[in-house]
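Peer 1: When you get a sec, could you give me coordinates for this:
(one chain, ligands or ions: 2)
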Amino acid sequence: MTGKGPNTPESPEPERPAPEKSAPDKASLEGKGLIAGDIEAGRWLFAQPCEFLRGVVDLDGLPPMGGPEIAFAGRSNVGKSSLVNALTGRSTLARTSNTPGRTQQLNFFALGQPGNPALILVDLPGYGYARETKATVAAWTRLVMDYLRGRTSLRRVIVLIDARHGLKENDHETMKLLDTAAVSYQVVLTKIDKLKPSEVAPRLEEVREGIRRHVAAHPTVIATSSVKGEGIAELRAEIAGLADPQAIGYKAREQ
Ligand SMILES: Nc1nc2c(ncn2[C@@H]2O[C@H](COP(=O)(O)OP(=O)(O)OP(=O)(O)O)[C@@H](O)[C@H]2O)c(=O)[nH]1
Ligand SMILES: [Mg+2]
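Peer 2: Ligands and ions are numbered 1, 2, ... in the order given. Predicted coordinates:
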């Protein structure tokens, strides 16, 4: 079954991407194994049109598998929808809220030229707490886990971790499921603007240590703030490496 649009009753016109708030410098890129060309490819990809495809409330409603998909998973309220908005530079594409449990369906967005997307972005309902009945939360969690386990077009899952809280038991459970299903995933810290600058590096190290035993985890952890824009260009660059290069239409300029 297909659900409602993410901004129903009315979906506003997509906004143009916001200008970069914090362009990463060369040294910080090299530390992350990236080069300026990756950043440019990421900027190019996420400047493409992005449209809401469908909201899905059960497995029968999933769109047919086609181009590469990237899903955003994590505990309720960690900032999944805000990160989709920050990446695409459109503040109202995915609905966000202070109340855990805002996203109640799998929302699919097509990034790229309409009809020939370079990448599908999937904003998932959160796992863990929500102001809903236990049965409702259990049903969302089951749907999310079934989707994550069975979707062969899924190129990578971005597992979001709140920088203030670090890894929790249900994060490890999700990562174990992804390890078992051999689905590649990458951990991204969110809300780093809520930490003191001196707290970011120790938190990153602790999370890197925590994911070491997870076999399908990408070793690079990216620290982001959807509010301040930190880490967004780096994450775009990582994701651009997974998109359909022909559909991106991006060619690195001659150096
Ligand atoms: N300070 C700060 N707040 C953030 C950031 N990202 C998200 N938030 C806030 O955190 C709250 C939850 O954000 P959402 O993007 O709705 O979180 P979600 O993971 O999609 O939540 P569910 O759909 O309920 O699972 C909202 O109030 C956001 O404004 C960030 O980088 N910094
Ligand atoms: Mg959400």
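Peer 1: So which residues of the stretch 1-150 of the chain form helices?
Peer 2: All helices of the stretch 1-150 of the chain, identified by DSSP state H, counting those that start in this stretch, fall at 26-31, 36-46, 80-88, 134-150.
Peer 1: what's the closest of these to ligand 2?
Peer 2: When the helices of the stretch 1-150 of the chain are compared by C-beta to the ion, helix 80-88 sits nearest ligand 2, at 3.4 Å. In this view, the C-beta of every residue, glycine as well, is placed from N, C-alpha and C.
Peer 1: now the closest one against helix 36-46, angle please.
Peer 2: Relative orientation of helix 80-88 versus helix 36-46 (axes from the mean of the first three to the mean of the last three C-alpha atoms, to 10 degrees): 110 degrees.
Peer 1: Mind giving me the packing neighbours of helix 80-88?
Peer 2: Judged by 3 or more C-beta pairs under 8 Å, 6 or more residues apart in numbering; DSSP states H and E, helix 80-88 is in contact with strand 69-74, strand 106-113, strand 116-123, strand 154-162, strand 185-190, helix 232-240.
Peer 1: possible to save the helices of the stretch 1-150 of the chain as CSV with distance to ligand 2, mean neighbour count and mean pLDDT?
Peer 2: Shown next, in CSV, are the helices of the stretch 1-150 of the chain (distance: least, C-beta to the ion, whole Å; neighbours: other C-beta atoms under 10 Å; pLDDT from 0 to 100):
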stretch, distance to ligand 2, mean neighbour count, mean pLDDT
helix 26-31, 29, 11, 65
helix 36-46, 19, 20, 89
helix 80-88, 3, 26, 97
helix 134-150, 11, 16, 89
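Peer 1: how about the helices and strands packed on helix 80-88 in JSON lines, adding distance to D179?
Peer 2: Formatted as JSON lines, the helices and strands packed on helix 80-88 follow (distance: least, C-beta to C-beta, whole Å):
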{"stretch": "strand 69-74", "distance to D179": "14"}
{"stretch": "strand 106-113", "distance to D179": "21"}
{"stretch": "strand 116-123", "distance to D179": "20"}
{"stretch": "strand 154-162", "distance to D179": "11"}
{"stretch": "strand 185-190", "distance to D179": "9"}
{"stretch": "helix 232-240", "distance to D179": "20"}
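Peer 1: Ok, which of those comes nearest D146?
Peer 2: D146 lies closest to strand 106-113 among these, at 10.3 Å (C-beta to C-beta).
Peer 1: If I take that closest one and helix 232-240, what angle do their directions form?
Peer 2: Going by the same axes, to 10 degrees, strand 106-113 makes 90 degrees with helix 232-240.
Peer 1: If you count neighbours, what's buried in strand 106-113?
Peer 2: By neighbour count with 16 or more other C-beta atoms under 10 Å, strand 106-113 contains the buried residues 106-112.
Peer 1: okay, and for the stretch 1-150 of the chain, where does confidence drop off?
Peer 2: 1-33, 130 (pLDDT under 70).
Peer 1: and it, which residues reach ligand 2?
Peer 2: Residues of the stretch 1-150 of the chain lying near ligand 2 by C-beta under 5 Å from the ion: 80-81, 102-103.
Peer 1: Next, give me the two most distant ones among those residues.
Peer 2: K80 and R102 (9.3 Å).
Peer 1: tally of neighbours for S198?
Peer 2: Other residues near S198 come to 7 when the count uses other C-beta atoms under 10 Å.
Peer 1: ditto for E238
Peer 2: Neighbours around E238, by other C-beta under 10 Å: 21.
Peer 1: Then the one 5 residues further on?
Peer 2: For A243, the tally of surrounding residues (other C-beta under 10 Å) stands at 25.
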